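Novice: after the sequence you'll find the predicted model.
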Amino acid sequence: MLALRRLAQLKSSSLSWSRSIHASLSLRSDFAFVFDIDGVLIRGKKPIPQAKPALELLNKHKIPYILMTNGGGVSEAEKAKEVSSITGGPYISPLQVVQSHTPMKSLIHDPNYSRVLVVGGDKDNARKVAESYGFKDVVLPIDIVRSDKSISPHSMYKKEDLEKYSKKIDLSKPIDAILVFNDPRDLSTDMQIVQDLLNSKNGLIGTKRDFKTWKDHTSPSIPIIFSNNDYVYANDHPLPRFGQGAFRMITEKLYNTTNKLKPDQNLDSLILGKPFKLQYDFAHHILIDWNKKLESNEVNDDIQKLPKLGEIPETTPFKKIYMVGDNPESDIKGANDHGWESILLRTGVFQDEDYDSIIAKPTVGVFDNVEDAVKYVLNKNGIKI
Ligand code: G3P
Ligand code: MG
(Lines give C-alpha, C1' and ligand atoms only; values in the text may rest on other atoms or scores of the structure.)
(Ligands and ions follow the chains in the order given, each with its own letter.)
Protein backbone atom coordinates (compact mmCIF):
# COMPACT_ATOMS: atom_id res chain seq x y z
CA MET A 1 0.00 0.00 0.00
CA LEU A 2 3.00 2.27 0.38
CA ALA A 3 3.24 2.76 -3.35
CA LEU A 4 -0.39 3.79 -3.55
CA ARG A 5 0.03 6.23 -0.67
CA ARG A 6 3.06 7.78 -2.38
CA LEU A 7 1.01 8.23 -5.54
CA ALA A 8 -1.92 9.61 -3.57
CA GLN A 9 0.37 12.24 -2.10
CA LEU A 10 1.42 13.24 -5.59
CA LYS A 11 -2.25 13.40 -6.56
CA SER A 12 -3.13 15.77 -3.78
CA SER A 13 -0.03 17.91 -4.20
CA SER A 14 -1.06 21.52 -4.18
CA LEU A 15 1.93 22.59 -6.29
CA SER A 16 0.80 24.01 -9.56
CA TRP A 17 2.67 25.01 -12.66
CA SER A 18 3.36 28.68 -12.59
CA ARG A 19 4.25 30.94 -15.46
CA SER A 20 7.18 32.11 -13.38
CA ILE A 21 9.10 29.04 -14.48
CA HIS A 22 8.93 30.25 -18.05
CA ALA A 23 12.44 30.48 -19.40
CA SER A 24 12.85 32.77 -22.35
CA LEU A 25 14.74 30.49 -24.69
CA SER A 26 15.10 31.44 -28.33
CA LEU A 27 12.40 29.14 -29.64
CA ARG A 28 10.14 29.44 -32.65
CA SER A 29 6.99 29.60 -30.64
CA ASP A 30 6.35 30.62 -27.07
CA PHE A 31 2.89 29.11 -27.15
CA ALA A 32 1.65 25.61 -27.88
CA PHE A 33 -1.54 23.61 -28.22
CA VAL A 34 -2.76 20.48 -26.51
CA PHE A 35 -5.75 18.92 -28.26
CA ASP A 36 -8.27 16.57 -26.82
CA ILE A 37 -9.18 13.84 -29.37
CA ASP A 38 -12.80 12.61 -29.02
CA GLY A 39 -15.18 15.48 -29.66
CA VAL A 40 -12.40 17.76 -30.93
CA LEU A 41 -10.58 15.99 -33.78
CA ILE A 42 -12.86 12.98 -34.27
CA ARG A 43 -16.15 11.57 -33.01
CA GLY A 44 -15.88 7.81 -32.66
CA LYS A 45 -14.76 6.67 -36.09
CA LYS A 46 -15.97 9.80 -37.88
CA PRO A 47 -13.84 12.85 -38.66
CA ILE A 48 -14.58 16.34 -37.44
CA PRO A 49 -14.00 18.12 -40.77
CA GLN A 50 -12.21 21.15 -39.33
CA ALA A 51 -9.50 19.00 -37.65
CA LYS A 52 -7.48 18.50 -40.83
CA PRO A 53 -7.17 22.21 -41.78
CA ALA A 54 -6.49 23.16 -38.15
CA LEU A 55 -3.54 20.75 -37.79
CA GLU A 56 -2.22 21.64 -41.24
CA LEU A 57 -2.24 25.31 -40.28
CA LEU A 58 -0.21 24.62 -37.15
CA ASN A 59 2.30 22.50 -39.07
CA LYS A 60 2.67 25.29 -41.64
CA HIS A 61 3.50 27.81 -38.92
CA LYS A 62 5.59 25.31 -36.92
CA ILE A 63 3.50 25.75 -33.80
CA PRO A 64 4.06 22.80 -31.46
CA TYR A 65 1.13 20.65 -30.45
CA ILE A 66 0.38 17.32 -28.86
CA LEU A 67 -2.82 15.34 -28.34
CA MET A 68 -4.00 14.44 -24.84
CA THR A 69 -6.93 12.05 -24.63
CA ASN A 70 -8.62 10.25 -21.79
CA GLY A 71 -9.09 7.38 -24.23
CA GLY A 72 -6.67 4.50 -24.61
CA GLY A 73 -6.52 0.74 -24.86
CA VAL A 74 -4.13 0.85 -27.82
CA SER A 75 -0.53 1.96 -28.23
CA GLU A 76 0.35 5.62 -28.77
CA ALA A 77 1.49 4.69 -32.29
CA GLU A 78 -1.89 3.12 -33.11
CA LYS A 79 -3.78 6.10 -31.70
CA ALA A 80 -1.66 8.55 -33.73
CA LYS A 81 -2.30 6.51 -36.87
CA GLU A 82 -6.02 6.27 -36.15
CA VAL A 83 -6.40 10.03 -35.70
CA SER A 84 -4.42 10.80 -38.88
CA SER A 85 -6.41 8.31 -40.90
CA ILE A 86 -9.86 9.32 -39.62
CA THR A 87 -9.24 13.06 -39.98
CA GLY A 88 -7.37 12.60 -43.26
CA GLY A 89 -5.00 15.14 -41.77
CA PRO A 90 -1.23 15.32 -41.40
CA TYR A 91 1.04 12.64 -39.95
CA ILE A 92 1.02 12.61 -36.16
CA SER A 93 4.00 11.16 -34.34
CA PRO A 94 3.41 8.63 -31.52
CA LEU A 95 5.53 11.00 -29.44
CA GLN A 96 2.77 13.61 -29.80
CA VAL A 97 0.20 11.38 -28.10
CA VAL A 98 -0.59 11.21 -24.39
CA GLN A 99 -3.33 8.70 -23.62
CA SER A 100 -4.89 8.26 -20.21
CA HIS A 101 -2.56 5.35 -19.38
CA THR A 102 0.64 6.75 -20.93
CA PRO A 103 1.96 7.96 -17.51
CA MET A 104 1.82 4.33 -16.29
CA LYS A 105 5.06 3.89 -18.23
CA SER A 106 6.67 5.57 -15.25
CA LEU A 107 5.76 2.60 -13.00
CA ILE A 108 7.55 -0.14 -14.89
CA HIS A 109 10.60 -0.18 -12.60
CA ASP A 110 8.58 -0.01 -9.37
CA PRO A 111 8.74 -3.42 -7.60
CA ASN A 112 5.23 -2.80 -6.24
CA TYR A 113 3.95 -3.17 -9.79
CA SER A 114 5.72 -6.37 -10.83
CA ARG A 115 2.65 -8.49 -11.56
CA VAL A 116 -0.29 -6.35 -12.68
CA LEU A 117 -3.91 -7.05 -13.61
CA VAL A 118 -4.59 -4.91 -16.67
CA VAL A 119 -8.29 -4.16 -17.17
CA GLY A 120 -10.18 -2.83 -20.19
CA GLY A 121 -9.73 -2.42 -23.91
CA ASP A 122 -10.58 -4.55 -26.88
CA LYS A 123 -9.24 -8.12 -27.35
CA ASP A 124 -5.78 -8.38 -25.74
CA ASN A 125 -4.67 -4.94 -26.91
CA ALA A 126 -4.17 -3.61 -23.39
CA ARG A 127 -1.76 -6.48 -22.61
CA LYS A 128 0.25 -5.60 -25.70
CA VAL A 129 0.34 -1.94 -24.70
CA ALA A 130 1.37 -2.71 -21.10
CA GLU A 131 4.09 -5.07 -22.30
CA SER A 132 5.31 -2.50 -24.82
CA TYR A 133 5.66 -0.04 -21.93
CA GLY A 134 7.90 -2.57 -20.17
CA PHE A 135 5.60 -4.36 -17.69
CA LYS A 136 6.98 -7.89 -17.47
CA ASP A 137 4.12 -9.86 -15.89
CA VAL A 138 0.74 -8.75 -17.22
CA VAL A 139 -2.44 -10.66 -16.35
CA LEU A 140 -5.78 -9.98 -18.07
CA PRO A 141 -9.19 -10.92 -16.64
CA ILE A 142 -9.62 -13.30 -19.60
CA ASP A 143 -6.54 -15.26 -18.39
CA ILE A 144 -8.25 -15.79 -15.04
CA VAL A 145 -11.54 -16.85 -16.71
CA ARG A 146 -9.60 -19.35 -18.81
CA SER A 147 -8.21 -21.01 -15.71
CA ASP A 148 -11.53 -21.02 -13.83
CA LYS A 149 -14.75 -20.26 -15.73
CA SER A 150 -16.84 -20.30 -12.56
CA ILE A 151 -15.11 -17.11 -11.41
CA SER A 152 -17.30 -15.12 -13.83
CA PRO A 153 -20.61 -16.94 -14.30
CA HIS A 154 -21.93 -14.42 -16.86
CA SER A 155 -18.73 -13.94 -18.80
CA MET A 156 -19.28 -13.10 -22.48
CA TYR A 157 -16.01 -14.65 -23.66
CA LYS A 158 -16.47 -17.24 -26.39
CA LYS A 159 -14.27 -20.29 -26.86
CA GLU A 160 -12.41 -18.58 -29.71
CA ASP A 161 -11.80 -15.45 -27.58
CA LEU A 162 -10.23 -17.62 -24.90
CA GLU A 163 -8.10 -19.37 -27.50
CA LYS A 164 -6.99 -16.17 -29.19
CA TYR A 165 -6.58 -13.67 -26.38
CA SER A 166 -5.94 -15.49 -23.12
CA LYS A 167 -2.70 -16.83 -21.69
CA LYS A 168 -2.12 -19.74 -19.33
CA ILE A 169 -0.96 -18.20 -16.10
CA ASP A 170 0.16 -19.38 -12.69
CA LEU A 171 -2.53 -18.19 -10.29
CA SER A 172 -0.68 -19.31 -7.19
CA LYS A 173 1.42 -16.15 -7.58
CA PRO A 174 -0.31 -13.01 -6.21
CA ILE A 175 -1.17 -9.94 -8.26
CA ASP A 176 0.51 -6.74 -7.00
CA ALA A 177 -1.77 -4.06 -8.43
CA ILE A 178 -4.73 -3.38 -10.71
CA LEU A 179 -4.25 -0.99 -13.62
CA VAL A 180 -7.46 0.02 -15.41
CA PHE A 181 -6.21 0.91 -18.88
CA ASN A 182 -9.53 1.46 -20.62
CA ASP A 183 -13.30 0.95 -20.46
CA PRO A 184 -14.23 -2.69 -19.71
CA ARG A 185 -15.57 -4.77 -22.60
CA ASP A 186 -16.87 -7.70 -20.55
CA LEU A 187 -18.13 -5.56 -17.66
CA SER A 188 -19.48 -8.47 -15.65
CA THR A 189 -16.11 -10.27 -15.63
CA ASP A 190 -14.03 -7.18 -14.94
CA MET A 191 -16.34 -6.09 -12.14
CA GLN A 192 -16.17 -9.47 -10.43
CA ILE A 193 -12.42 -10.04 -10.73
CA VAL A 194 -11.53 -6.50 -9.66
CA GLN A 195 -13.70 -6.86 -6.53
CA ASP A 196 -12.24 -10.29 -5.80
CA LEU A 197 -8.74 -8.83 -5.85
CA LEU A 198 -9.53 -5.67 -3.89
CA ASN A 199 -10.90 -7.90 -1.12
CA SER A 200 -8.41 -10.75 -1.44
CA LYS A 201 -5.58 -11.87 0.80
CA ASN A 202 -2.74 -9.80 -0.68
CA GLY A 203 -3.78 -10.19 -4.31
CA LEU A 204 -4.20 -13.96 -4.38
CA ILE A 205 -7.12 -15.03 -6.59
CA GLY A 206 -9.61 -17.28 -4.76
CA THR A 207 -8.84 -15.87 -1.30
CA LYS A 208 -10.74 -13.41 0.88
CA ARG A 209 -9.13 -11.19 3.50
CA ASP A 210 -10.38 -11.36 7.05
CA PHE A 211 -12.94 -8.57 7.39
CA LYS A 212 -12.56 -8.27 11.18
CA THR A 213 -8.78 -8.02 11.35
CA TRP A 214 -8.39 -5.68 8.34
CA LYS A 215 -7.92 -2.31 10.04
CA ASP A 216 -8.63 0.33 7.40
CA HIS A 217 -11.50 -0.80 5.23
CA THR A 218 -11.09 2.10 2.79
CA SER A 219 -7.74 0.57 1.87
CA PRO A 220 -7.99 -2.29 -0.66
CA SER A 221 -5.79 -5.38 -0.44
CA ILE A 222 -3.85 -4.28 -3.51
CA PRO A 223 -3.67 -0.80 -5.14
CA ILE A 224 -5.98 0.12 -7.99
CA ILE A 225 -5.20 2.86 -10.51
CA PHE A 226 -7.87 4.13 -12.90
CA SER A 227 -6.44 5.74 -16.00
CA ASN A 228 -9.32 8.12 -16.53
CA ASN A 229 -12.33 9.49 -14.76
CA ASP A 230 -14.63 10.50 -17.63
CA TYR A 231 -18.17 9.67 -16.62
CA VAL A 232 -19.31 10.42 -20.19
CA TYR A 233 -17.57 11.08 -23.50
CA ALA A 234 -18.60 11.82 -27.10
CA ASN A 235 -18.56 9.21 -29.85
CA ASP A 236 -20.60 9.15 -33.08
CA HIS A 237 -23.86 8.56 -31.17
CA PRO A 238 -25.87 11.79 -30.73
CA LEU A 239 -25.88 11.54 -26.91
CA PRO A 240 -22.83 11.21 -24.60
CA ARG A 241 -21.79 7.63 -23.70
CA PHE A 242 -20.59 6.28 -20.34
CA GLY A 243 -16.82 6.11 -19.95
CA GLN A 244 -14.30 4.65 -17.51
CA GLY A 245 -15.48 7.03 -14.77
CA ALA A 246 -18.75 5.08 -14.72
CA PHE A 247 -16.75 1.87 -14.12
CA ARG A 248 -14.95 3.60 -11.24
CA MET A 249 -18.32 4.49 -9.70
CA ILE A 250 -19.50 0.89 -9.98
CA THR A 251 -16.22 -0.36 -8.51
CA GLU A 252 -16.45 2.03 -5.57
CA LYS A 253 -20.10 1.29 -4.87
CA LEU A 254 -19.52 -2.47 -4.78
CA TYR A 255 -16.33 -2.14 -2.71
CA ASN A 256 -17.92 0.33 -0.26
CA THR A 257 -20.96 -1.92 0.20
CA THR A 258 -18.88 -5.08 0.71
CA ASN A 259 -16.70 -3.28 3.23
CA LYS A 260 -19.62 -1.60 5.01
CA LEU A 261 -18.03 1.84 4.63
CA LYS A 262 -19.74 4.89 6.11
CA PRO A 263 -21.32 7.42 3.67
CA ASP A 264 -18.31 9.76 4.01
CA GLN A 265 -15.79 6.97 3.32
CA ASN A 266 -14.63 5.67 -0.04
CA LEU A 267 -12.35 3.11 -1.67
CA ASP A 268 -8.77 4.43 -1.73
CA SER A 269 -7.55 4.62 -5.34
CA LEU A 270 -5.46 6.71 -7.69
CA ILE A 271 -7.03 8.29 -10.75
CA LEU A 272 -4.96 9.43 -13.72
CA GLY A 273 -6.13 11.30 -16.80
CA LYS A 274 -7.60 14.73 -17.24
CA PRO A 275 -8.38 16.84 -15.14
CA PHE A 276 -5.70 15.71 -12.69
CA LYS A 277 -2.40 17.51 -12.15
CA LEU A 278 -0.31 14.37 -12.66
CA GLN A 279 -1.58 14.10 -16.23
CA TYR A 280 -1.10 17.78 -17.09
CA ASP A 281 2.46 17.77 -15.73
CA PHE A 282 3.22 14.60 -17.65
CA ALA A 283 1.77 16.10 -20.87
CA HIS A 284 3.73 19.30 -20.29
CA HIS A 285 7.00 17.28 -20.23
CA ILE A 286 5.97 15.49 -23.43
CA LEU A 287 5.18 18.83 -25.10
CA ILE A 288 8.57 20.27 -24.12
CA ASP A 289 10.32 17.15 -25.46
CA TRP A 290 8.35 17.32 -28.71
CA ASN A 291 9.11 21.02 -29.12
CA LYS A 292 12.85 20.30 -28.79
CA LYS A 293 12.58 17.73 -31.55
CA LEU A 294 10.60 20.12 -33.72
CA GLU A 295 13.13 22.86 -33.17
CA SER A 296 16.10 20.68 -34.02
CA ASN A 297 14.37 18.93 -36.93
CA GLU A 298 14.52 15.59 -35.17
CA VAL A 299 10.85 14.71 -35.35
CA ASN A 300 11.66 11.19 -36.54
CA ASP A 301 13.72 10.47 -33.44
CA ASP A 302 11.65 7.89 -31.55
CA ILE A 303 13.37 8.22 -28.18
CA GLN A 304 11.22 10.14 -25.78
CA LYS A 305 12.39 11.72 -22.54
CA LEU A 306 9.96 10.45 -19.92
CA PRO A 307 9.47 12.17 -16.55
CA LYS A 308 8.91 10.40 -13.27
CA LEU A 309 5.25 10.18 -12.27
CA GLY A 310 4.36 13.44 -10.54
CA GLU A 311 7.48 15.32 -11.68
CA ILE A 312 6.78 19.00 -12.41
CA PRO A 313 8.69 20.63 -15.31
CA GLU A 314 11.36 22.92 -13.89
CA THR A 315 11.43 25.24 -16.88
CA THR A 316 9.24 25.67 -19.92
CA PRO A 317 9.67 27.49 -23.22
CA PHE A 318 5.95 28.27 -23.27
CA LYS A 319 4.27 31.41 -22.03
CA LYS A 320 0.94 29.87 -22.88
CA ILE A 321 -0.38 26.38 -23.42
CA TYR A 322 -3.83 26.23 -25.00
CA MET A 323 -5.91 23.19 -24.09
CA VAL A 324 -8.64 22.65 -26.68
CA GLY A 325 -11.40 20.35 -25.47
CA ASP A 326 -15.09 19.48 -25.53
CA ASN A 327 -15.51 18.31 -21.95
CA PRO A 328 -15.68 21.01 -19.24
CA GLU A 329 -15.17 18.46 -16.43
CA SER A 330 -11.93 17.04 -17.77
CA ASP A 331 -10.31 19.24 -20.46
CA ILE A 332 -11.33 22.68 -19.20
CA LYS A 333 -11.20 22.05 -15.47
CA GLY A 334 -7.72 20.53 -15.73
CA ALA A 335 -6.39 23.37 -17.87
CA ASN A 336 -7.77 26.05 -15.55
CA ASP A 337 -6.56 24.28 -12.41
CA HIS A 338 -3.01 23.87 -13.70
CA GLY A 339 -2.29 27.26 -15.28
CA TRP A 340 -3.07 26.56 -18.93
CA GLU A 341 -5.44 28.50 -21.17
CA SER A 342 -8.66 26.69 -22.05
CA ILE A 343 -10.85 26.58 -25.15
CA LEU A 344 -14.20 24.82 -25.22
CA LEU A 345 -15.70 23.51 -28.46
CA ARG A 346 -19.25 22.76 -29.54
CA THR A 347 -18.31 19.58 -31.45
CA GLY A 348 -18.54 17.11 -28.55
CA VAL A 349 -19.94 16.61 -25.07
CA PHE A 350 -20.59 20.31 -24.32
CA GLN A 351 -23.97 21.83 -25.23
CA ASP A 352 -24.57 25.60 -25.14
CA GLU A 353 -27.56 25.27 -22.83
CA ASP A 354 -25.27 23.80 -20.14
CA TYR A 355 -22.91 26.81 -20.08
CA ASP A 356 -24.24 28.31 -16.84
CA SER A 357 -23.90 25.06 -14.93
CA ILE A 358 -20.54 23.75 -16.22
CA ILE A 359 -17.90 23.11 -13.60
CA ALA A 360 -15.20 25.22 -15.30
CA LYS A 361 -15.54 28.04 -17.83
CA PRO A 362 -13.01 28.32 -20.68
CA THR A 363 -10.49 31.17 -20.24
CA VAL A 364 -10.34 31.92 -23.99
CA GLY A 365 -13.92 31.16 -24.97
CA VAL A 366 -16.34 28.78 -26.67
CA PHE A 367 -15.86 28.05 -30.39
CA ASP A 368 -17.85 26.19 -33.04
CA ASN A 369 -14.93 23.96 -33.98
CA VAL A 370 -11.19 23.38 -33.68
CA GLU A 371 -10.27 25.34 -36.81
CA ASP A 372 -12.04 28.48 -35.60
CA ALA A 373 -10.27 28.17 -32.25
CA VAL A 374 -6.81 27.68 -33.78
CA LYS A 375 -7.26 30.65 -36.15
CA TYR A 376 -8.38 32.85 -33.26
CA VAL A 377 -5.32 31.97 -31.15
CA LEU A 378 -2.89 32.43 -34.05
CA ASN A 379 -4.35 35.88 -34.73
CA LYS A 380 -4.16 36.78 -31.05
CA ASN A 381 -0.49 35.81 -31.07
CA GLY A 382 0.26 38.00 -34.09
CA ILE A 383 0.51 35.23 -36.68
CA LYS A 384 -0.98 36.15 -40.05
CA ILE A 385 -2.89 33.33 -41.70
O1 G3P B 1 -13.24 7.16 -22.48
C2 G3P B 1 -13.43 8.50 -22.75
C3 G3P B 1 -12.54 8.97 -23.84
O4 G3P B 1 -12.81 8.32 -25.04
C5 G3P B 1 -12.57 10.45 -24.00
O6 G3P B 1 -11.60 10.80 -24.90
O7 G3P B 1 -10.26 12.26 -26.31
O8 G3P B 1 -12.36 13.14 -25.28
O9 G3P B 1 -10.38 12.68 -23.85
P10 G3P B 1 -11.13 12.32 -25.08
MG1 MG C 1 -13.26 14.87 -25.62
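Specialist: Thanks, I have the structure now. Ligands and ions are numbered 1, 2, ... in the order given.

Novice: only C-alpha atoms for contact and neighbour calcs from this point on.
Specialist: Fine.

Novice: relative to ligand 2, which residue of the stretch 251-385 of the chain is the closest?
Specialist: Nearest to ligand 2, among the residues of the stretch 251-385 of the chain, is Asp326, at 5.0 Å (CA to the ion).

Novice: which residues of the stretch 251-385 of the chain lie near ligand 2?
Specialist: Asp326 (CA under 5 Å from the ion).

Novice: can you rerun that using 8 Å?
Specialist: 325-327, 331, 348-349 (CA under 8 Å from the ion).

Novice: hmm, back to that, from memory the residue of the stretch 251-385 of the chain closest to ligand 2 sits against Val40, does it?
Specialist: Yes. The criterion here is CA atoms under 8 Å, and Asp326 meets it with Val40 at 6.3 Å.

Novice: more crowded one of these two?
Specialist: Asp326 (30 against 27; other CA atoms under 10 Å).

Novice: now the more buried one: how far from Ser357?
Specialist: Here Asp326 is placed at a distance of 15 Å from Ser357 (CA to CA, to the nearest Å).

Novice: repeat for Gln96
Specialist: Going from Gln96 to Ser357 by CA to CA gives 33 Å.

Novice: the two - which one has more neighbours?
Specialist: With neighbours defined as other CA under 10 Å, Gln96 and Ser357 compare such that Gln96 has more, 24 against 8.

Novice: what values do phi and psi take at the more buried one?
Specialist: Reported as degrees, to the nearest 10, the phi and psi values for Gln96 are phi -100, psi 10.

Novice: so how many other residues sit close to Tyr157?
Specialist: 18.

Novice: check contacts around it.
Specialist: Residues counted as contacts of Tyr157 (CA atoms under 8 Å, 6 or more residues apart in numbering) are 142, 186.

Novice: is it in a helix, a strand, or coil?
Specialist: Judged by DSSP: H, G, I helix; E, B strand; the rest coil, the three-state class of Tyr157 is coil.

Novice: report the separation between it and ligand 1.
Specialist: Tyr157 sits 22 Å away from ligand 1, going by CA to the nearest ligand atom, to the nearest Å.

Novice: from Gln304, how far off is that residue?
Specialist: Distance of Tyr157 to Gln304, given as CA to CA: 37 Å.

Novice: same deal with Asp143?
Specialist: Taking CA to CA as the measure, Asp143 falls 32 Å from Gln304.

Novice: kindly report the same for Tyr165.
Specialist: Counting by CA to CA, the gap from Tyr165 to Gln304 is 30 Å.

Novice: what of Arg185?
Specialist: Taking CA to CA, one finds Arg185 at 31 Å from Gln304.

Novice: what about Ile303, neighbour count?
Specialist: The number of residues near Ile303, taken as other CA under 10 Å, comes to 9.

Novice: got a list of what it touches?
Specialist: With contact set as CA under 8 Å, 6+ apart, Ile303 has no partners.

Novice: roughly how far apart are it and Val366?
Specialist: 36 Å.

Novice: also Tyr355?
Specialist: With CA to CA as the criterion, Tyr355 and Val366 are 10 Å apart.

Novice: compare Tyr165 and Gln304 (neighbour count), which wins?
Specialist: Between Tyr165 and Gln304, counted using other CA under 10 Å, Tyr165 has the larger neighbour count: 17 against 14.

Novice: find the nearest non-adjacent residue to that one, please.
Specialist: Asp124 (5.4 Å; CA to CA, 6 or more residues apart in numbering).

Novice: and the most centrally placed residue in the chain, its phi and psi?
Specialist: Centroid-nearest residue in the chain, with CA atoms, centre = their mean: Ser100, separated by 1.1 Å. Note on Ser100: backbone dihedrals following degrees, to the nearest 10 are phi -60, psi -40.

Novice: can you check the pLDDT for the residue in the stretch 51-200 of the chain that ligand 2 sits nearest to?
Specialist: Ligand 2 sits closest to Thr69 of the stretch 51-200 of the chain, with a gap of 7.0 Å, by CA to the ion. pLDDT recorded at Thr69 is 96.

Novice: surely it meets Thr102?
Specialist: No. Contact criterion CA under 8 Å: Thr69 and Thr102 do not qualify, at 10.0 Å.

Novice: which positions within stretch 313-332 qualify as buried?
Specialist: Using 16 or more other CA atoms under 10 Å as the test for burial, stretch 313-332 gives 313, 315-332.

Novice: kindly report the same for stretch 128-137.
Specialist: The neighbour-count check on stretch 128-137 (16+ other CA under 10 Å) flags 128-130, 133-135 as buried.

Novice: hey, what's in contact with both of Asp326 and Val40?
Specialist: Shared contacts of Asp326 and Val40, defined by CA under 8 Å, 6+ apart, comprise 345, 347-348.

Novice: between the residues you listed, which is nearest Gly243?
Specialist: Checking the shared contacts of Asp326 and Val40 against Gly243 by CA to CA gives Gly348 as the nearest, at 14.1 Å.

Novice: measure how buried the closest one is and give me the count.
Specialist: Neighbour number of Gly348 under other CA under 10 Å is 26.

Novice: gap between the residue in the stretch 151-300 of the chain that ligand 1 sits nearest to and Asn379?
Specialist: Of all residues in the stretch 151-300 of the chain, Gly243 sits closest to ligand 1, with a separation of 4.5 Å (CA to the nearest ligand atom). In this view, Gly243 and Asn379 are 36 Å apart by CA to CA.

Novice: compare these two and say which one has the larger neighbour count.
Specialist: It is Gly243, of Gly243 and Asn379, that has more neighbours when counted by other CA under 10 Å, with 20 against 11.
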